[in-house]
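Visitor: okay, here's the prediction I keep looking at, along with the sequence it came from:
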Amino acid sequence: SSATEGSDNSLTPLTPEKIFPQGICLNSSATEGSDNSLTPLTPEKNIYKKVATNKNSRSPWAWIPTLYFAEGLPNIIVTGLSVVMYMQMGLTDSEVGLYTGWLALPWVIKPLWSPFIDLLKTKRWWVLTMQALIGAALAGIAFSIPTAFWFQATMCFFFLIAFCSATHDISADGFYMIELDGHNQTKYVGLRNTFYRLAIIFVNGVLVSLAGVLQVVFRNQIRFSWALIFYGLAGIFIALWLYHSRFMPRPADDVQTERSVGEVAHELKNMFGTFFQKFPVKETICVVLFLLLYRFPEALLNTMTKTFILRPNSQGGLGLSPQEYGFANGTVGLIGLLLGGIIGGILVSRDGMKKWLWPMVMAITLPDAVYIFLSYSLNSNLIVVSSCLFVEQFGYGLGFTVLTLYMLFYSQGKFKTSHYSICTGISYLGLMLPGMLSGYLKDMVGYRLFFIIVMACCTITFVVTAFLKIDPDFGKKEPIPLDDEEEEEE
């Protein structure tokens with residue numbers, strides 16, 4: 001506003017150096033002896049400010065392992081541990097299949113409420129709240145097991161855990177993407193997947209074995225043993241909640257959205273509309289049938305293999321103890337699953353998905369024959385059973401690569417993340433419905449004929465795969481052309 005000396009109403013040209021000679025901080029406190037002035041920052045002060053910011057941030061190693069361990073725990077508790085507990089507490093295979101199958105519902109319908117989470121609070125708040133609720137629900141299961149209404153109460157708490165776990169998945173993955181840049185998201189993806197799988201080993205391997213040990217120590221007091229297991233799980237989850245309350249970062253971008261409910265609902269409508277309009281109607285029907293039925297044989301096997309391993313020989317099962325089950329299925333079998341997934345990813349990355357499509361389809365179906373062998377031989381040797389489960393799970397890991405990559409292929413374009421979540425929801429539905437009926441089928445025909453029927457159902461997997469149209473180069477690792485890279489940056 002001041003003019004140059006000797007002139008009237010003229011404007012002094014200002015260079016950037018004159019405006020901010022050393023950098024400036026919009027601070028409420030002014031420099032000494034001035035009114036409403038701005039505090040100049042020297043380069044040294046700016047460096048100190050940056051160091052202070054880094055001190056307030058958390059290393060990804062401080063929260064990623066525990067966050068994804070906490071994400072994996074409730075999922076496998078609901079879908080795996082509940083099966084073993086209910087079977088040991090006297091439910092028939094029909095009841096086990098039906099009731100535990102219902103528990104998968106929250107993961108099926110998860111895409112319906114995931115866009116609304118941002119309307120209330122932050123993703124960090126949702127993660128912590130869900131962990132606290134899961135810990136409380138686990139304690140509720142432990143309290144309910146010794147009661148007369150144990151089944152109704154535990155089912156209610158398992159449903160609560162399932163809904164909280166599905167919401168926790170959404171919030172944790174969103175928090176991961178907000179806190180880390182693209183480079184670090186890729187850098188730590190192996191770490192998060194490792195601890196998610198460790199949670200599965202911990203539940204299926206360690207906890208089931210521990211339950212068996214407690215049953216020996218307390219002279220086959222099954223209810224008391226399982227109550228102790230769930231008290232321990234509640235303590236673990238409360239500890240994780242307290243740890244994350246202290247050590248999870250507070251990203252500046254993790255804020256409550258300003259969109260209205262109507263806007264989110266309109267976006268949800270567009271998301272589903274575009275999902276079913278990617279291809280012509282016939283091709284879209286083929287895609288949906290593939291997502292639903294590709295794992296149809298595995299959906300029948302998923303629950304019944306657990307009961308088959310644990311049921312006594314007099315009921316057609318192998319009669320393994322919980323300790324042996326924890327080793328064979330929860331440890332050796334899971335290692336086979338992980339190796340199959342890793343090798344499948346390497347093969348597709350090298351040669352493309354189309355080249356390995358049919359070998360991987362055979363890998364996910366043909367090894368199911370090991371259960372026919374086990375049901376007729378009733379060989380309970382731990383090495384034999386573990387080897388058979390390793391082969392079957394290794395093949396499943398290879399074949400599952402096809403489903404994962406095809407969901408990525410179909411989800412390309414706008415709403416990529418949302419469309420992928422719809423694909424996983426449809427795929428979960430394909431596991432849930434046959435799993436609910438698998439117990440009835442097994443109780444009608446017995447384990448031997450049941451496993452033969454499962455092998456016959458493998459033809460369904462071959463049929464739905466035959467109608468897929470896949471880019472021969474999809475999945476193959478290739479350098480990105482310069483013009484495409486520039487277009488992505490724009």
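Guide: Happy to help now that I have it.
Visitor: if I pick Phe327, what's in contact with it?
Guide: Counting by C-beta atoms under 8 Å, 6 or more residues apart in numbering, Phe327 touches 205, 209, 382, 386. From N, CA and C alone the C-beta is placed, and that goes for glycine too.
Visitor: state the helix or strand in which it lies.
Guide: Assigned by DSSP states H and E, Phe327 falls within helix 322-327.
Visitor: and the contacts of the helix or strand that that helix is followed by?
Guide: As assigned by DSSP H and E, the chain's next helix or strand after helix 322-327 is helix 333-351. If you take C-beta under 8 Å, 6+ apart as the criterion, helix 333-351 is touched by 197, 200-201, 204-205, 356, 360, 363, 386, 389-402, 405, 475-477.
Visitor: just the buried ones from these, in PyMOL syntax?
Guide: Buried members of these, defined by 16 or more other C-beta atoms under 10 Å, are picked up in PyMOL with:
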select buried, resi 197+200+201+204+205+356+360+363+386+389+390+391+392+393+394+395+396+397+398+399+400+401+402+405+475
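Visitor: could you list which of the contacts of helix 333-351 belong to helices?
Guide: Within the contacts of helix 333-351, residues falling in helices by DSSP state H are 197, 200-201, 356, 360, 363, 386, 389-402, 405.
Visitor: just checking, what packs against the helix or strand where Leu268 lies?
Guide: Using DSSP H and E, Leu268 sits in helix 261-275. If contacts are counted by 3 or more C-beta pairs under 8 Å, 6 or more residues apart in numbering; DSSP states H and E, helix 261-275 sits against helix 416-466.
Visitor: on that earlier part again, got CSV for the contacts of Phe327, with pLDDT and distance to Ile145 too?
Guide: Formatted as CSV, these follow (pLDDT from 0 to 100; distance: C-beta to C-beta, whole Å):
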residue, pLDDT, distance to Ile145
Gly205, 90, 22
Ser209, 94, 19
Leu382, 94, 29
Ser386, 94, 30
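Visitor: so can I have a markdown table of these showing distance to Phe143?
Guide: Below are those laid out as a markdown table (distance: C-beta to C-beta, whole Å):
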| residue | distance to Phe143 |
| --- | --- |
| Gly205 | 26 |
| Ser209 | 24 |
| Leu382 | 35 |
| Ser386 | 36 |
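Visitor: now, among these, which is nearest to Phe415?
Guide: Gly205 (37.8 Å; C-beta to C-beta).
Visitor: the closest one against Glu324, yeah?
Guide: No: look at Gly205 against Glu324 with C-beta atoms under 8 Å: they stay out of range, at 11.2 Å.
Visitor: helix/strand/coil for the residue nearest the centre of the chain?
Guide: What sits nearest the mean C-alpha location of the chain, by C-alpha atoms, centre = their mean, is Asp169, with 6.1 Å. Using DSSP: H, G, I helix; E, B strand; the rest coil, the structure places Asp169 in helix.
Visitor: buried sites along stretch 407-425?
Guide: The neighbour-count check on stretch 407-425 (16+ other C-beta under 10 Å) flags 407-411, 415, 418-425 as buried.
Visitor: ok, back up a step: compute the inter-axis angle for the helix holding Leu268 and helix 416-466.
Guide: Put simply, helix 261-275 runs at 30 degrees to helix 416-466, going by axes from the mean of the first three to the mean of the last three C-alpha atoms, to 10 degrees.
Visitor: buried residues in helix 261-275?
Guide: 264, 268, 271, 275.
Visitor: can you show me the strands along the stretch 51-200 of the chain?
Guide: With DSSP state E, counting those that start in this stretch, there are no strands along the stretch 51-200 of the chain.
Visitor: any weak-confidence spans in the stretch 101-250 of the chain?
Guide: Low-confidence segments of the stretch 101-250 of the chain, defined by pLDDT under 70: none present.
Visitor: going by residue numbers, what spans are helices in it?
Guide: For the stretch 101-250 of the chain, applying DSSP state H, counting those that start in this stretch gives helices covering 105-108, 110-113, 123-144, 150-179, 182-187, 189-201, 208-217, 222-247.
Visitor: now do the second one: which elements does it pack against?
Guide: What that stands for is helix 110-113. Counting contacts by 3+ C-beta pairs under 8 Å, 6+ apart, helix 110-113 packs against helix 150-179, helix 416-466.
Visitor: could you give the mean pLDDT of the longest one?
Guide: When pLDDT is averaged along helix 416-466, the result is 92.
Visitor: relative to helix 150-179, how tilted is it?
Guide: Using the same axes, to 10 degrees, helix 416-466 lies at 120 degrees relative to helix 150-179.
Visitor: count the neighbours of the residue lying closest to Arg197 once chain neighbours are set aside for me.
Guide: Using C-beta to C-beta, 6 or more residues apart in numbering and skipping the chain neighbours, the partner closest in space to Arg197 is Leu338 (6.1 Å). Burial of Leu338 is recorded as 18 neighbouring residues (other C-beta atoms under 10 Å).
Visitor: what's the answer for Ile238, then?
Guide: Per other C-beta under 10 Å, the neighbour tally for Ile238 reads 17.
Visitor: same question, the one 10 residues further on
Guide: When neighbours are counted by other C-beta under 10 Å, Met248 registers 19.
Visitor: so it makes contact with Leu128?
Guide: Yes: counting by C-beta under 8 Å, Leu128 is a contact partner of Met248 at 7.4 Å.
Visitor: list the buried ones in stretch 125-141?
Guide: Going by neighbour count (16+ other C-beta under 10 Å), the buried part of stretch 125-141 is 126-141.
Visitor: thinking again about what came up before, looking at the helices of the stretch 101-250 of the chain, which is closest to Met432?
Guide: Each of the helices of the stretch 101-250 of the chain has some distance to Met432 by C-beta to C-beta; the shortest is helix 105-108, at 6.0 Å.
Visitor: picking that back up, need the CA coordinates for the helix holding Phe327. PDB is fine.
Guide: Extracted in PDB, the C-alpha atoms of helix 322-327 (Å, rounded to 0.1, in the frame of the first residue of the first chain):
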ATOM      1  CA  PRO A 322      -7.200 -81.500  18.000                       C
ATOM      2  CA  GLN A 323      -3.400 -81.400  18.400                       C
ATOM      3  CA  GLU A 324      -2.900 -83.500  15.300                       C
ATOM      4  CA  TYR A 325      -5.500 -81.400  13.400                       C
ATOM      5  CA  GLY A 326      -3.700 -78.200  14.400                       C
ATOM      6  CA  PHE A 327      -0.500 -79.600  12.900                       C
END
